[in-house]
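Asks: Structure for this input, please:
(2 chains)
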Amino acid sequence: METLLWLEATALSIWLRESGPAFFGSLTLHALGMAFLVGSHVATDLRTLGVAPGVPLSLMRRFRPVAWLAMVVVTASGVSLLLAYPTKALTNPVFYVKLLAVALAIVVGRVLATSLLRSSDSDAQPSPPRAKLLAGLSLLLWAGAITSGRLLAYTYRVLMAADVSP
Amino acid sequence: MTEALLEIGRRSGVHALMSSAWGWPAAESAHFIGLSVLVGTVGMFDLRMLGLARGVPMIALHRLIPWGVAGYALNVATGLLFLVSAPDQYLYNPAFQIKLALMAIAGLNVLIFYRLVFAHLRLTDPEADPPRSARIAAAVSLACWVGVITGGRLITYYRPPYHWCFWC
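Replies: The predicted model follows:
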């Protein structure tokens, strides 16, 4: 709690919290980054599940740069939002659920990318059941990440460490 | 206008749903899932037309679009839930007004794309760069949807009593 008290009193935290452009800029970049991060995965997942069968599956990896760039934006803006209200997030179990969902979704995406999308061998035939399972899991995990992220605004118990410190 | 929308919300039972403990956040989550599907389909198709993921056949990739339409429909539905629950938060809100304007431009762009551009795209070699008209339509679409998400996210920045519009 003392670390949190110190953190939220730093000049950077105060600025990220109290400056309208800084805070709402971070929120907006986080929303846009998530849309493109999830979106690029949704495209590959849908293709793996059999949508747009005319697209060679292995070529879907050419959308990976979108995911990478979005990941950078999401991380940077997420860290800014965390610094603005560190206590609000870190004392909320839902925050860790969100991080876990995102981490698992990234891992599943990478597994799909490094196995199925690596070679053009699997382009012609339908994806193996294991790949479809992973694609479905990916969609579920991203939906979970979005939902838990949205719930952060409703489930926090402490906004600032200073509110509960004597 | 505000009163009429509130009345619709009351009579349809939307108010009861949205003022329940998890109604509002559930609708928000669905709204974000819908926009992610839209970006993942329409957005990726736009990026392909703009030159990303060269080699991906465009007409084949276009088969993703019905899923984007489904995401859009989900967002119109959930968006209406918000609107009839708190119309004053939206109608007089510059972020919402800009968002609606950009949605209208995006809609117009869709009409122009399918009337004038899509036929040319069909005739283009799938590996080649798309015609200039397709690239323009893609850029307009992408810019509009990025703007729509930005406007949506900034709605809470303009909380009442902040009022700004031509008609109030």
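Asks: where does chain A come near chain B, residue by residue?
Replies: A:20, A:24, A:27-28, A:31-32, A:34-36, A:38-43, A:46-47, A:51-56, A:59-60, A:62-63, A:65-66, A:142-143, A:146-147, A:149-151, A:153-154 (C-beta under 8 Å from any C-beta of the partner chain). Placement of C-beta: from N, CA and C, glycine included.
Asks: Give me the below-cutoff pLDDT ranges for chain B.
Replies: For chain B, residues meeting the criterion pLDDT under 70 lie at B:160-168.
Asks: can you map out the helices along the chain?
Replies: In the absence of a named chain, chain A is used. Under the criterion DSSP state H, chain A contains helices at A:2-8, A:11-18, A:20-48, A:64-84, A:86-90, A:93-115, A:129-155, A:161-164.
Asks: oops, I was thinking of chain B
Replies: Secondary structure of chain B (DSSP H): helices located at B:2-12, B:14-19, B:23-38, B:44-49, B:58-61, B:65-85, B:87-91, B:94-112, B:118-123, B:132-154.
Asks: What's the ChimeraX line that selects buried ones from the residues of chain A next to chain B?
Replies: Selecting only the buried entries of these in ChimeraX, with 16 or more other C-beta atoms under 10 Å in any protein chain shown as the criterion:
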select /A:24,27,28,31,32,34,35,36,38,39,40,41,42,43,46,47,52,55,56,59,60,62,63,66,142,143,146,147,149,150,151
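Asks: got the phi/psi numbers for B:Ala21?
Replies: With angles defined as degrees, to the nearest 10, B:Ala21 sits at phi -50, psi -50.
Asks: separation between it and A:Thr91?
Replies: As judged by C-beta to C-beta, to the nearest Å, B:Ala21 and A:Thr91 stand 21 Å apart.
Asks: who's more crowded, the two?
Replies: A:Thr91 (16 against 8; other C-beta atoms under 10 Å in any protein chain shown).
Asks: Pull the contacting residues for the more buried one.
Replies: A:156-158 (C-beta atoms under 8 Å, 6 or more residues apart in numbering or on different chains).
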